[in-house]
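Trainee: fold the following and give me the result.
(chains A, B and C)
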Amino acid sequence: MRYLPLTDADRADMLAVIGASDIDALFVDVPKSARLAGPVDLPGHAGELAVERALGALADRNRAAGAGPFFCGAGAYRHHVPASVDHIIQRSEFRTSYTPYQPEISQGTLQVLFEFQTQVAALTGLSVANASMYDGSTACAEAVMMAARVTGRRKAVLSGGLHPHYASTTHTLAHSAGVETRRLAVAIDAERAVVEAIDTQAACVVVQTPNVFGAVTDVTAVAEAAHAAGALMIVVTTEAVSYGLLRSPGEMGADIAVAEGQSIGNGLNFGGPYVGLFACREALTRQAPGRLCGQTVDAEGRRGFVLTLSTREQHIRRDKATSNICTNSGLCALAFSIHMSLLGGTGLRALAEENHARARALHGALASTPGVEIITPRYFNEFAVRLPKPAAEVVESLAAKGVLAGVPFSRLDPEAGLDDVLLVCATEMTTARDIAAFAGALKAEIAP
Amino acid sequence: MTGVLSVGRPTRPDSAEPSETPAHPGKGLAQDEPLIFELGGWDKSGVDFPTEARGAGLDASDLEGLMRAAPPRLPGLSEPETLRHYVRLSQKNHAIDLAVYPLGSCTMKHNPRIGEKLARLAGFADIHPLQPIFTVQGALALMNELAHWLKTLTGMPAIALSPKAGAHGELCGLLAIRAAHEARGDARKTVLVPTSAHGTNPATAALAGYQVAQIAQTADGHVDLADLAGKLHPDVAAVMVTNPNTCGLFERDVIEIARLTHEAGAYFYCDGANFNAIVGRVRPGDLGIDAMHINLHKTFSTPHGGGGPGAGPVVLSAALAPYAPVPWLTHGEAGFDLTEEATGEAGSSLGRMCAFHGQMGMFVRALAYMMSHGSDGLRQVAQDAVLNANYVKARLSGVMTASYPDGPCMHEALFDDRWLEGTGVSTLDFAKAMIDAGFHPMTMYFPLVVHGAMLIEPTETESRRELDRFCDTLLELAAAVRAGDVERFTGAPFHAPLRRLDETLAARKPRLTWTG
Amino acid sequence: MRFTKDHEWVELAGDTATIGITAYAAEQLGDVVFVDLPAAGKAVKPGDALAVVESVKAASDVFAPIGGEVTAANDALSGAPQTVNDAPEAAGWFVKLKVADAAEVEVLMDRAAYDAFLQTL
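Mentor: Presented below is the predicted three-dimensional model:
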């Protein structure tokens, strides 16, 4: 077998060194009733070519985003990733290394994490960032539980503009930990209602900008209301490219900012693996979840990096840890950091401007399509439209014609009563031809 | 005061002179590399955009009042500078492709490259999680096939694929248990965890809203059945046991543990981190477990990536299956379908563990790995993993002190520091000297149940030649300890990119970002 | 000065007790990097969690050896946690308590008894 170096001769010799009669002698602790006499009922081994053919055939049964006009967003975004990003993350020393527990021989990974943390802090406008979470949704849940620890309160107010998957993930994870979530009514301008829902029982308020409808809002007033009530404001961002153009969470008063970092450096991958960004004010650092990389010196006074403040974590604090997270999204964070290092602040700004410009072009095309009502007032690269028929039907029909027209809101939240709402997104990948094809197909689809 | 770390591990080098001035001495081809923030490039970018996107031609006046005053203050690098930066950094890392990576409990095995190739096919890498279901039938078929393999290998009837890593899977399993108890009006408050458990077990139990109580361990490294039986009162929701356990031993009383647990109305959660030792030889379902997560990044060889991403699908018993998180993969008339809301047929579901459907990129790699090995090869994986660990144990025992010398170990061999007593060399020193000898150290000071633990897991992908090279090196180092060459250890490493790091300074004065 | 088997010391002056960890405990912990102290006004019973002391690789709960109300915490430790290592039984004190029942102090070990206790470890 191509992944197993031992030969039968090796195995016989090694058993002799061990003093075991045969391999079964090493499994003697397994109860007799549970010992399998032979292989389980699954296919036998296969050559590389056979595996490629089998899985390649499955890949062929999917419609790749790049195969035609594509307008899906809603928490996962299709951007161009420079070739050098994928080349670097495939280096053995990054891809096949473990969590950097031995800092003297892990400085590559550790320095990357320190740079990543610095980049995330700069983008979110906060002073401290961790070494990544699984994704944006679990980062949001962790932020809510952290706010409960910081404030000693057990209630979280979730804006109706929060991505429904984020709201349900947060509810699942926080509920058992004793933190109740109150999700406000779903609305395009849901942030308005948030201020009134804040009271002195609230540990935090969670707002998303751009929100799930793509609406960009100034949440400074939410921060003021939260702080006046002794609560924290958590700002969620699902489209990290928006950091290039929009005011940062920190600038608007966020105490904690979380985001889905997939947009930078990482592909769509049918939803995972992605990379959760997590940043907070410095005073809250000791309540933060996840790994933190810090700067120090070695025995000769040279600068180096180590995992630090580990007493927060499960391997030391066990049942009193700030989170149970162990493995995070290291390699996706590396991809994020490389792409960000290529872009720089000015490049991210240019990328964000281009995204916004493409969305405006899409906006223009759809606004002039009869029967389409655009309902997101101010947007970055994604907005919502109201159609004269159920959005899911339109999306199915257009997909059959080769256009992936966006995400029906009912796919995210069937109970919201917004079956006629479609979320559409444009990025630097979206061409004028794509937009024309979409507008044309949509016009034909909804023509009375 | 409780919880004093009795192993007395120093966390700062003796000779540390805290210095703010980095010295960059450079050695041969081992390039020194500053931070990206020290390479200039504040107004540069390594990405080109169409000219009209360069700030000048684009109108963003509709976002007036919502925009940043200036671009984020982050440097950009040209492509050649970027490659240099990261390739230089990469050379400061150890990797499984360089040498054995014997971290016990981590299963650092070879990562087949076919997984990388297949995960990058546009049909997997470039599909959106919310595309119409009929456009992603191949992806759902792959998830279904992966689920079939994992259920068959574990002998369990149901599986939740969405958890994103082992600890996330643990939480999923405990939330399913919680939901099952609540559904029968029998909410419980306690989870029992052995003293040798991974830290994630008690942390997860606490996150799931449970109090944690410890189960004692016997002198020969197993769960103490009498202690367990005494603690299994009606308030216990679950017993979490790692099997094989973190001492590298198979819990030979596991069926009795399951029986006692069920008799008390509790569920048996098995931490499957060490499934590599028994895959293809034992189905955990035959042992009476109710839930177990499977670290695809361990047993099924998706790369660790310097700390992730992982994937932690959870197999569930029939009793827990109704509570599995959404999405549920279902078979409809038109092919595969997803139930994405915890309503209707999924009304009993515990809810959603994360956005979307799980770690698709890891699913592709893990399935490619399983299909390559097949049922026969996976059985051989477990056998070779156990053989290699026992070979290391046999070669090192007698010089180093094996914590459980009687009988075989499973996939990892546990040693302690009794053999170092009085030598002036600690487990930490010995581990650091291994670096100078060209090896990544084994897991140190875990599990907590033995003093100065050294936990070695070679995995099945090491050749006998590499194992001999590793064992010869450790024996040579042990001889140096006995010869009194203490300096070689207490100052180590001398030949790594950096000497020992001052972790005390890092914790006392945290510097978590570059501030100029 | 009185001592507990959990390696804490108590020094009573009037109705105010100063509490810290012993030199032995500080030595065992290694380099102390952080001390989490309670706010003034907090009331504690014997055995309640009072503070957390952290080294790089361990976090240890410090339990109240006696009952009372916290009147002061040693805020200097936040900027200089190494004081716990340098002077554990003096400048490295953790909290001052207004003692509820001075008899609780009297039953603790004296120096000789604590030293003898350490010999048994």
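
Trainee: can you name the residues of chain C sitting close to chain B?
Mentor: C:6-8, C:21, C:25, C:28-31, C:33-34, C:53-63, C:81-82 (C-beta under 8 Å from any C-beta of the partner chain). All C-beta spots, glycine's among them, are computed from the backbone N, C-alpha and C.

Trainee: what about 10 Å?
Mentor: Contact residues, chain C versus chain B (C-beta under 10 Å from any C-beta of the partner chain): C:4-8, C:21-22, C:24-34, C:49-63, C:65, C:79-82, C:85, C:121.

Trainee: so how far is the lengthiest helix in chain B off the chain centroid?
Mentor: When chain B is scanned for its longest helix (criterion: DSSP state H), the result is helix B:360-396. Chain-centre distance of helix B:360-396: 16 Å, with C-alpha atoms, centre = their mean, to the nearest Å.

Trainee: what's the pLDDT at the nearest residue to A:Ala57 once chain neighbours are set aside?
Mentor: Nearest residue to A:Ala57, sequence neighbours excluded (C-beta to C-beta, 6 or more residues apart in numbering or on different chains): B:Gly138, at 7.6 Å. We have a pLDDT of 98 for B:Gly138.

Trainee: can you pull up the most central residue in chain B?
Mentor: Residue closest to the average C-alpha location in chain B (C-alpha atoms, centre = their mean): B:Cys106, at 5.7 Å.

Trainee: show the pLDDT at residue 1.
Mentor: No chain in the question, so chain A it is. If you check A:Met1, the pLDDT there is 91.

Trainee: meant chain C, my bad for not saying
Mentor: Each residue has a pLDDT score; the one for C:Met1 is 94.

Trainee: tell me the contacts of it?
Mentor: Shown in contact with C:Met1 (C-beta atoms under 10 Å, 6 or more residues apart in numbering or on different chains): C:9-12, C:18, C:20, C:22, C:89, C:108-111, C:114.

Trainee: give me the buried subset of the residues of chain C next to chain B.
Mentor: C:4, C:6-8, C:21-22, C:24-26, C:28-34, C:50-63, C:65, C:81, C:85 (16 or more other C-beta atoms under 10 Å in any protein chain shown).

Trainee: can you list the residues of chain C near chain A?
Mentor: Near chain A, when you scan chain C using C-beta under 10 Å from any C-beta, you find C:33-34, C:36, C:52-61.

Trainee: dump the residues you listed into a markdown table; add secondary structure as well.
Mentor: Shown next, in a markdown table, are these (DSSP: H, G, I helix; E, B strand; the rest coil):
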| residue | secondary structure |
| --- | --- |
| C:Val33 | strand |
| C:Phe34 | strand |
| C:Asp36 | strand |
| C:Val52 | strand |
| C:Val53 | strand |
| C:Glu54 | strand |
| C:Ser55 | strand |
| C:Val56 | coil |
| C:Lys57 | coil |
| C:Ala58 | coil |
| C:Ala59 | strand |
| C:Ser60 | strand |
| C:Asp61 | strand |
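
Trainee: output those residues as JSON lines; include the columns pLDDT and distance to C:Ala43.
Mentor: Output for these, formatted as JSON lines (pLDDT from 0 to 100; distance: C-beta to C-beta, whole Å):
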{"residue": "C:Val33", "pLDDT": "94", "distance to C:Ala43": "28"}
{"residue": "C:Phe34", "pLDDT": "94", "distance to C:Ala43": "24"}
{"residue": "C:Asp36", "pLDDT": "93", "distance to C:Ala43": "18"}
{"residue": "C:Val52", "pLDDT": "94", "distance to C:Ala43": "18"}
{"residue": "C:Val53", "pLDDT": "94", "distance to C:Ala43": "21"}
{"residue": "C:Glu54", "pLDDT": "93", "distance to C:Ala43": "24"}
{"residue": "C:Ser55", "pLDDT": "91", "distance to C:Ala43": "28"}
{"residue": "C:Val56", "pLDDT": "89", "distance to C:Ala43": "32"}
{"residue": "C:Lys57", "pLDDT": "85", "distance to C:Ala43": "32"}
{"residue": "C:Ala58", "pLDDT": "87", "distance to C:Ala43": "28"}
{"residue": "C:Ala59", "pLDDT": "90", "distance to C:Ala43": "24"}
{"residue": "C:Ser60", "pLDDT": "91", "distance to C:Ala43": "22"}
{"residue": "C:Asp61", "pLDDT": "92", "distance to C:Ala43": "18"}
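
Trainee: what ranges do the strands span in chain C?
Mentor: For chain C, the strands defined by DSSP state E occupy C:2-3, C:8-13, C:16-21, C:32-36, C:43-44, C:49-55, C:59-63, C:68-73, C:95-99.

Trainee: same list (those strands) but as CSV, adding distance to B:Gly166.
Mentor: Output for the strands of chain C, formatted as CSV (distance: least, C-beta to C-beta, whole Å):
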stretch, distance to B:Gly166
strand C:2-3, 43
strand C:8-13, 37
strand C:16-21, 35
strand C:32-36, 28
strand C:43-44, 38
strand C:49-55, 26
strand C:59-63, 23
strand C:68-73, 39
strand C:95-99, 39
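
Trainee: ok so, going back, what about the residue nearest to A:Ala57, which helix or strand?
Mentor: In this assignment (DSSP states H and E), B:Gly138 forms part of helix B:137-154.

Trainee: parallel or antiparallel, which strands does whatever helix or strand comes next after that helix pair with?
Mentor: Sequence order places strand B:158-160 as the next helix or strand after helix B:137-154, per DSSP H and E. When sheet partners are counted by DSSP bridges, strand B:158-160 sits next to strand B:314-316 (antiparallel).

Trainee: could you point out which element follows the partner strand?
Mentor: Using DSSP H and E, the first helix or strand after strand B:314-316 is strand B:328-332.

Trainee: which residues does the helix or strand following that next one contact?
Mentor: Once strand B:328-332 ends, the next helix or strand along the chain (criterion: DSSP H and E) is strand B:335-339. Residues from elsewhere that reach strand B:335-339, judged by C-beta under 10 Å, 6+ apart: A:61, A:411, B:129, B:133-134, B:136-144, B:326-332, B:345-346, B:349, B:357.

Trainee: tell me the mean pLDDT for stretch B:14-28?
Mentor: Computed over stretch B:14-28, the average pLDDT equals 56.

Trainee: ok, now stretch B:494-507?
Mentor: Per-residue pLDDT values over stretch B:494-507 give a mean of 96.

Trainee: tell me if it is near chain C.
Mentor: Yes: using C-beta under 10 Å from any C-beta, stretch B:494-507 reaches chain C at B:Asp502, B:Glu503, B:Thr504, B:Leu505, B:Ala506, B:Ala507.

Trainee: so is that stretch next to chain A?
Mentor: Yes: residues of stretch B:494-507 are located near chain A by C-beta under 10 Å from any C-beta, namely B:494-507.

Trainee: take those residues and write them to a markdown table, including secondary structure and neighbour count.
Mentor: Output for the residues of stretch B:494-507 next to chain A, formatted as a markdown table (DSSP: H, G, I helix; E, B strand; the rest coil; neighbours: other C-beta atoms under 10 Å in any protein chain shown):
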| residue | secondary structure | neighbour count |
| --- | --- | --- |
| B:Phe494 | coil | 14 |
| B:His495 | coil | 13 |
| B:Ala496 | coil | 21 |
| B:Pro497 | coil | 23 |
| B:Leu498 | coil | 23 |
| B:Arg499 | coil | 23 |
| B:Arg500 | coil | 27 |
| B:Leu501 | strand | 28 |
| B:Asp502 | coil | 25 |
| B:Glu503 | helix | 26 |
| B:Thr504 | helix | 25 |
| B:Leu505 | helix | 23 |
| B:Ala506 | helix | 29 |
| B:Ala507 | helix | 27 |
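
Trainee: so what's B:Val223 up against?
Mentor: By C-beta under 10 Å, 6+ apart, the residues touching B:Val223 are B:192, B:194-196, B:215-217, B:239, B:241-243, B:245, B:251-254, B:256-257.
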